[in-house]
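Q: Give me the fold of what follows.
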Amino acid sequence: MVEPGGGNAPVTSGKRRLVSRAELAAGKKREAEKHAELVELGKRIRYLRKEILGYHRQSDFAERLGVTRGAVGNWEIGVGMKRDHLITIAKEFNISHAWLAEGKGTPIAKPSIDSKLELLPPEEYETLYEHFQTMIDNRLRALGRKEQNDDEDSGPPDVQAGDYSKRREPNK
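A: Take a look at the predicted model:
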């Protein structure tokens, strides 16, 4: 009896690739590590919601983010969290993405000095920017972390501690 669609189709075997015990163990270990990471992420979300932001109800937190209470509940047990949700939470509450996603650093995002400086009039911006750059360069030198190939125009090498309160004229 010929099957519909042609009788000359190749027959494939149902054989599967054999997986070693070591490969199975490694796969299970990776799964366990991933699960542990997601559980830790959930704990950070819960900590953020309750302790940092003061949202004692998941529904209030969810409403602020435009998601369901069930979604927040799932996130807090390590289920269903997507990268976009992390970005939304970090932006909405000014939370460090590195802390939220990976547990690195501190929860509260630090505003960029550059973004604050840019709000100043241009003549003040230049003066303060150069002042801060000099302070940072001198501190890095003191710590032995200044790279040799950095610009030498970033500040005078003879600035001493305490000199930062003296106003410098901008370079022209």
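Q: Could I get the contacting residues of residue 59?
A: By C-beta atoms under 8 Å, 6 or more residues apart in numbering, the residues touching residue 59 are 69, 72. Quick note: C-beta positions are derived from backbone N, CA and C, even for glycine.
Q: What's the local residue count around the closest residue to residue 46 other than its chain neighbours?
A: Leaving aside its sequence neighbours, residue 46 sits nearest to residue 76 (C-beta to C-beta, 6 or more residues apart in numbering; 4.5 Å). Counted with other C-beta atoms under 10 Å, residues neighbouring residue 76 total 22.
Q: Also residue 61?
A: 24.
Q: who are the neighbours in contact with it?
A: Counted by C-beta under 8 Å, 6+ apart, residue 61 has contacts 49, 53, 55, 72.
Q: now what about the host helix or strand of residue 75, what contacts it?
A: Using DSSP states H and E, residue 75 sits in helix 69-76. Contacting residues not belonging to helix 69-76 are listed as 41-43, 45-46, 49, 58-59, 61-62, 65, 80-81, 85 [C-beta under 8 Å, 6+ apart].
Q: just checking, next helix/strand downstream of the least confident helix or strand in the chain by mean pLDDT?
A: Lowest mean confidence among the helices and strands of the chain (mean pLDDT, DSSP states H and E): helix 113-117, at a mean of 71. Sequence order places helix 122-142 as the next helix or strand after helix 113-117, per DSSP H and E.
Q: What residues of that following helix count as buried?
A: 125, 127, 128, 129, 130, 131, 134, 137, 138 (16 or more other C-beta atoms under 10 Å).
Q: What mean pLDDT does it get?
A: Averaging pLDDT along helix 122-142 gives 85.
Q: what does stretch 100-107 give?
A: Over the span of stretch 100-107, the pLDDT mean works out to 91.
Q: Going by neighbour count, list what's buried in it.
A: For stretch 100-107, burial by neighbour count (16+ other C-beta under 10 Å) applies to 100, 101, 107.
Q: how's this structure carved up into domains?
A: Domain ranges of the chain: 21-102, 113-165, per automatic domain parsing.
Q: from the chain's centre, how far out does the longest one sit?
A: Its chain's average C-alpha position is 13 Å from that of domain 21-102, according to C-alpha atoms, centre = their mean, to the nearest Å.
Q: And for stretch 17-24, what's in contact with it?
A: In contact with stretch 17-24 (C-beta under 8 Å, 6+ apart) are no residues whatsoever.
Q: Can I get that stretch as PDB, trimmed to CA atoms?
A: Only the C-alpha atoms of stretch 17-24 are listed here, as PDB (Å, rounded to 0.1, in the frame of the first residue of the first chain):
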ATOM      1  CA  ARG A  17      21.300  11.400  20.100                       C
ATOM      2  CA  LEU A  18      22.500   9.700  23.300                       C
ATOM      3  CA  VAL A  19      23.400  12.200  26.000                       C
ATOM      4  CA  SER A  20      26.100  11.400  28.500                       C
ATOM      5  CA  ARG A  21      25.400  11.600  32.200                       C
ATOM      6  CA  ALA A  22      27.900  14.400  32.500                       C
ATOM      7  CA  GLU A  23      26.000  16.400  29.900                       C
ATOM      8  CA  LEU A  24      22.800  15.800  31.700                       C
END
